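Peer 1: Structure for the following, please:
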Amino acid sequence: MKKRLLSVAAAAFFGAMLNAQQIKFEEYDLPNGLHVILHQDNSAPVVTTGVMYHVGAKDEVVGRTGFAHFFEHLLFEGTPNIKRGEWFKIVSSNGGQNNANTTNDRTYYYETFPSNNEQLGLWMEAERMRHGIINQIGVDTQREVVKEEKRLRMDNQPYGNLFTNVQKNLFTKHPYNWSTIGSMEDLNSAKLEEFQAFYKKYYVPNNATLVVAGDIKPEETKKWIETYYGSIPKGTIYPKNFPKDEPITKEKEVTAYDPNIQLPAYVFAYRTPGNKEKDAYILDMLSSYLSSGKSSVLYKKLVDQEKKALQVSAFNQGLEDYGIFAFFAIPMGTTTKQTLQTDIDAEIKKLQTTLISDEDYQKLQNQFENQFVNANSSIQGIAASLATNHVLMGDTNLINKEIDIYKSITKQDLQNAAKKYLNSNQRIILNYLPEKK
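Peer 2: Residues are numbered from 1 along each chain as shown. Model prediction:
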């Protein structure tokens, strides 16, 4: 009875939190196509100004990969009104922080300032959009920065190129085929005019979403937005007609080598639907059921109880056009790949033939409610969520509705998704092995 009372209390608490967390916002378009989202929260004197451009690694072409991520660095070089090397100094000297990040699908820049410097954040992002300086010294400097980043994060990191090899083999036609950081050879051989053309093509207001969140006065903010962004010329938006991959109907096994590892890793990867599909949410839940936390199915069995794996996980990588659902395992001791494969396949089979327990289902629901509450617990998090939901999901209000999608997922939905997407003839197997010296 006590346990039941606790679960009722927890449900009531989460319900209250979810109701309290309704994120209010307004959105509109400027005549030049810039989409604007405003969220007012005067509880703390901070404002985040973010701009998300609908350009990522998938918008590049073969032979010129890495451009989208390169611009994440290049566009801090300066503008006619912000001297080279001054961007970060201006932000920090005014009590702010800033950053940028790139994925296969979009590039996002943001500043968070004390609210008395809101106007500064808006001006700086308008400067980046209107006339970022793309010159040879900036390209040469940032090329070296990106090379060092690639060495640190991927080439010299154990298992650093594992996911790149998954992408390369899971996608053969679609440009998810390469990593976000791209190829150094491509960046080395690119001409200055190509970088300038990329900026002109994608860094235009009608390919961007501006979000301003925090301690704002909306009418004042709108005036500043009109002043700084209203006269930036509209660009040409090109259709994103990317080639589609044929469905995988036969298991494919590939091998890659890594000089930085001593233990092999095995990946079983499946191509799944893109982020907008409900099945992507269902696969999210499936990956959590299988490997989120020490009480999850795969960890408990292969790591904790049977000591067959040093590490095991299932993850669902959501992308705009497709998704990637993959199992990753590093064997313990003399455990073979076949043993791990057999055990993972056995768990998939259970999901396909037997509904998960009520207790496990409730635990999943609690996990996702908790994640939902935590994701939007900061102004920076809210700003990023609003921009992402508009740019990649086509519905800004998912920031309030997404939890309802997870709540609507049934045990039968989980079983159906396992049956539909996680069959052995629909996957690639990557043997990621130590490189023989």
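
Peer 1: Report the distance from stretch 76-95 to the chain centre.
Peer 2: 27 Å (Cα atoms, centre = their mean, to the nearest Å).

Peer 1: Any chance you could give me that stretch in PDB, C-alpha atoms only?
Peer 2: Extracted in PDB, the C-alpha atoms of stretch 76-95 (Å, rounded to 0.1, in the frame of the first residue of the first chain):
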ATOM      1  CA  PHE A  76      33.300  34.000 -35.000                       C
ATOM      2  CA  GLU A  77      36.100  35.600 -37.000                       C
ATOM      3  CA  GLY A  78      34.300  38.900 -37.100                       C
ATOM      4  CA  THR A  79      32.300  41.400 -39.200                       C
ATOM      5  CA  PRO A  80      33.000  45.000 -40.400                       C
ATOM      6  CA  ASN A  81      31.900  46.200 -37.000                       C
ATOM      7  CA  ILE A  82      33.400  43.400 -34.800                       C
ATOM      8  CA  LYS A  83      37.100  43.200 -35.200                       C
ATOM      9  CA  ARG A  84      38.900  39.900 -35.700                       C
ATOM     10  CA  GLY A  85      39.400  38.200 -32.300                       C
ATOM     11  CA  GLU A  86      37.000  40.500 -30.500                       C
ATOM     12  CA  TRP A  87      33.800  38.300 -30.600                       C
ATOM     13  CA  PHE A  88      34.500  36.300 -27.400                       C
ATOM     14  CA  LYS A  89      36.000  39.400 -25.600                       C
ATOM     15  CA  ILE A  90      32.800  41.400 -26.200                       C
ATOM     16  CA  VAL A  91      30.600  38.600 -24.900                       C
ATOM     17  CA  SER A  92      32.700  37.900 -21.700                       C
ATOM     18  CA  SER A  93      33.300  41.600 -20.900                       C
ATOM     19  CA  ASN A  94      29.600  42.200 -20.900                       C
ATOM     20  CA  GLY A  95      28.900  39.300 -18.500                       C
END
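
Peer 1: mind listing what's buried in that stretch?
Peer 2: 76, 77, 78, 79, 82, 87, 90, 91 (16 or more other Cβ atoms under 10 Å). (C-beta placed from N, C-alpha, C; glycine too.)

Peer 1: Same check on stretch 231-246?
Peer 2: 232, 235, 242, 245.

Peer 1: Out of those residues, flag the one nearest to residue 115.
Peer 2: Comparing those against residue 115 with Cβ to Cβ picks out residue 232 as the nearest, at 24.3 Å.

Peer 1: Now for residue 285, how many residues are close by?
Peer 2: Other residues near residue 285 come to 22 when the count uses other Cβ atoms under 10 Å.

Peer 1: what sits against it?
Peer 2: 364, 368, 406, 409, 414 (Cβ atoms under 8 Å, 6 or more residues apart in numbering).

Peer 1: per-residue confidence for the last one?
Peer 2: In other words, residue 414. The score at residue 414 is 98. That number is its pLDDT.

Peer 1: my guess is it meets residue 288, correct?
Peer 2: No: the criterion here is Cβ atoms under 8 Å, and residue 414 misses it with residue 288 at 10.5 Å.

Peer 1: quick one: which of those two has more around it?
Peer 2: residue 414 (22 against 19).

Peer 1: Just give the nearest non-adjacent residue to that one, would you?
Peer 2: Nearest non-adjacent residue to residue 414, counting by Cβ to Cβ, 6 or more residues apart in numbering: residue 286, 5.8 Å away.

Peer 1: buried stuff in whichever strand or helix holds that neighbour?
Peer 2: Using DSSP states H and E, residue 286 sits within helix 278-291. If you call a residue buried by 16+ other Cβ under 10 Å, then helix 278-291 has these buried ones: 279-291.

Peer 1: Tell me where the model's unsure across the stretch 1-150 of the chain.
Peer 2: 1-21 (pLDDT under 70).

Peer 1: Can you show me the strands along it?
Peer 2: Using DSSP state E, counting those that start in this stretch, the strands of the stretch 1-150 of the chain run over 26-29, 35-40, 46-53, 97-102, 107-114.

Peer 1: Relative to the third one, what are the paired strands and their orientations?
Peer 2: Strand 46-53 has its sheet partners listed here by DSSP bridges as strand 107-114 (antiparallel), strand 208-214 (antiparallel).

Peer 1: With the shortest one instead?
Peer 2: Using DSSP bridges, strand 26-29 pairs in its sheet with strand 35-40 (antiparallel).

Peer 1: if I look at the residue positioned nearest the centre of the chain, how far off is residue 395?
Peer 2: What sits nearest the mean C-alpha location of the chain, by Cα atoms, centre = their mean, is residue 103, with 6.0 Å. Distance of residue 103 to residue 395, computed by Cβ to Cβ, to the nearest Å: 18 Å.

Peer 1: now do residue 72
Peer 2: Taken as Cβ to Cβ, the span from residue 72 to residue 395 is 26 Å.

Peer 1: Looking only at neighbour counts, state which of those two leads.
Peer 2: residue 72 (19 against 12).

Peer 1: That one: what's it in contact with?
Peer 2: Here residue 72 is in contact with 100, 101, 102, 107, 109 (Cβ under 8 Å, 6+ apart).

Peer 1: count of neighbours near the first one?
Peer 2: It stands for residue 100. Neighbour tally, residue 100, other Cβ under 10 Å: 18.

Peer 1: List the residues that contact it.
Peer 2: 72, 75, 76, 107, 108, 109, 110 are the contacts of residue 100 under Cβ under 8 Å, 6+ apart.
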